[in-house]
Structure formats: C-alpha cells, structure tokens
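Student: sequence isn't available, so here's the structure alone:
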C-alpha cells in the first residue's frame, strides 16, 4: 500500500476499515443489499438517491409540503412519512400493487402508460407541488424536466436523480431559473458513486427540523461543539 508521507500504514488501514464500516453499518448499505431494497441502517425506507442527498432531505421539515413523484418505490414510503401529501406515478403494474399494499392514506398512486407525452403530462392534472421528484422512465426525463418547473410551488425544489447521466435534463432545470446543487456519493444497492441533484426555487423557504441545519451525519462520531 502506498502511504502518504506523514501517515503510518496502520492508521491508514484502520481508517480504511472505518470508512467501509460507516458505509455498511451507519448508512445501512449492507442491509439494503441483503434486502434488495433501498433502506437505511434501521431498515426504514429511503429514496434510491445518493446518501448525501438523503441526508440533506432528512433534515428538512416537510410536514406541510406536497410531493409529486415520477417513479414510485421505497421513496414513496419515505416521502409519505414526512410530507402532507404524495402523488406518485408508476408504469409497472406489479410494482405499483406491491407499493400500494404499503403506503398510508396520504399517498395517491397513479398507474400510467410509458408513452412519454402521457407520462410526463400526469403532473398537469394535479396543480402545484412543493417538491417534484424526477426519477422515472429514462426516455421521459427530459420532457419531465421541461414541464416540472411550471408546477413547482414558489418555496420548493425539484430532485433529479442520476443527473450525472442526464446532462441535458439537468440543464433544462438549471435554465428554468432554478439553483442547482449536486450531491455526489455512494447510494443504496450500488457499488459505484452517482449524483442526485436538487434544483431550488429562487424563493426556496423550507425550514430545517429541530431548528438547525445541517444535522449530524450517521457516520459522524462527535457531537456539535458548544458555542461553535
């Protein structure tokens, strides 16, 4: 092993093991792989976003907010637990039925064909939303990104997953006068890094839970320093 000058091989090895343990244990990556579902360390459903993006969203107070999802899944359960109302669009009927058995009453699941115009246009029937998630069919990403800003409430944001692979889609959102923030890192189930991007309205005004932000990462062993 090539050890940077000033570091001992033993400390590098221990730190490397700690990094893996934080990912496997504290973020629940190993539990996700075993279950074949996107969950955190406690087995609670989370979106199939990068962990940095999930960390960001978890610290927000979403209790009075509405969510529209292109693509349902364990993310739907995640949003349902935190938000006032969730509308989720899905093209796979068997998957929709499986998720439908798990969702609470504040979720509306809608089956859609894969036809791009019909799928992307589902949002036009429901008014504005505080949060719009674009993580559905591949050929619909760009049409969804072009349409979604018209239905975003002034204080909210749009999430585009796998934005590093959908550059034109990311550009469409960014060029709609939204502010782009990229969250790159590991994600549940995956053995590689990718990017989840959040596009904020210029009037973004979602407040943090517990009155402070950021919240501590599950892999941060220290507590906030007093007076800092």
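Tutor: Done, it's in. The structure presented is a predicted model; accordingly, all values stated were derived computationally and were not measured.

Student: against residue 69, how distant is residue 176?
Tutor: 19 Å (Cβ to Cβ, to the nearest Å). No exception for glycine: its C-beta is placed from N, CA and C like everyone else's.

Student: buried stuff in stretch 105-121?
Tutor: Under the neighbour-count criterion of 16 or more other Cβ atoms under 10 Å, stretch 105-121 has 107, 109, 112, 119, 120 buried.

Student: hang on, the earlier thing: of residue 176 and residue 69, which one has the most company?
Tutor: The residue with more neighbours, out of residue 176 and residue 69, is residue 69; 27 against 16, by other Cβ atoms under 10 Å.

Student: so what strands line up beside the helix or strand encompassing that one?
Tutor: If you go by DSSP states H and E, residue 69 is part of strand 66-70. Applying DSSP bridges to the sheet, strand 66-70 is found paired with strand 85-90 (parallel), strand 129-134 (parallel).

Student: can you give me the offset of the last one from its chain's centre?
Tutor: Strand 129-134 has its average C-alpha position 11 Å from the chain's average C-alpha position, going by Cα atoms, centre = their mean, to the nearest Å.

Student: tell me the mean pLDDT over that strand?
Tutor: Throughout strand 129-134, pLDDT has a mean value of 98.

Student: on that earlier part again, make CSV from the strands paired with strand 66-70 and add mean neighbour count to it.
Tutor: CSV is the format used below for these (neighbours: other Cβ atoms under 10 Å):
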stretch, mean neighbour count
strand 85-90, 24
strand 129-134, 26
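
Student: closest one to residue 157 among the ones you listed?
Tutor: strand 129-134 (6.1 Å; Cβ to Cβ).

Student: other residues contacting the helix or strand following that closest one?
Tutor: Downstream of strand 129-134, the first helix or strand assigned by DSSP H and E is helix 141-147. Residues from elsewhere that reach helix 141-147 (Cβ atoms under 8 Å, 6 or more residues apart in numbering): 70, 116-117, 119-121, 123-124, 134, 136, 158, 160, 166, 168-170, 172-173.

Student: among those residues, which are located in helices?
Tutor: 116, 117, 119, 120, 168, 169, 170, 172, 173 (DSSP state H).

Student: of all pairs in these, which one is the farthest apart?
Tutor: Maximum distance among the ones in helices among the contacts of helix 141-147 (Cβ to Cβ): 21.4 Å, for 117 and 170.

Student: show me the strands in the protein, by range?
Tutor: 66-70, 85-90, 107-111, 129-134, 152-161, 179-185, 194-200 (DSSP state E).

Student: and the ones you listed: which comes nearest residue 26?
Tutor: strand 179-185 (13.5 Å).

Student: dump the strands paired with strand 66-70 to a markdown table, plus distance to residue 17.
Tutor: As requested, the strands paired with strand 66-70 are exported to a markdown table (distance: least, Cβ to Cβ, whole Å):
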| stretch | distance to residue 17 |
| --- | --- |
| strand 85-90 | 39 |
| strand 129-134 | 35 |
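
Student: residue 156 against residue 133, yeah?
Tutor: No. Using Cβ atoms under 8 Å as the test, residue 156 is too far from residue 133 to be in contact (11.1 Å).

Student: quick one: low-confidence parts of the chain?
Tutor: 1-12, 228 (pLDDT under 70).
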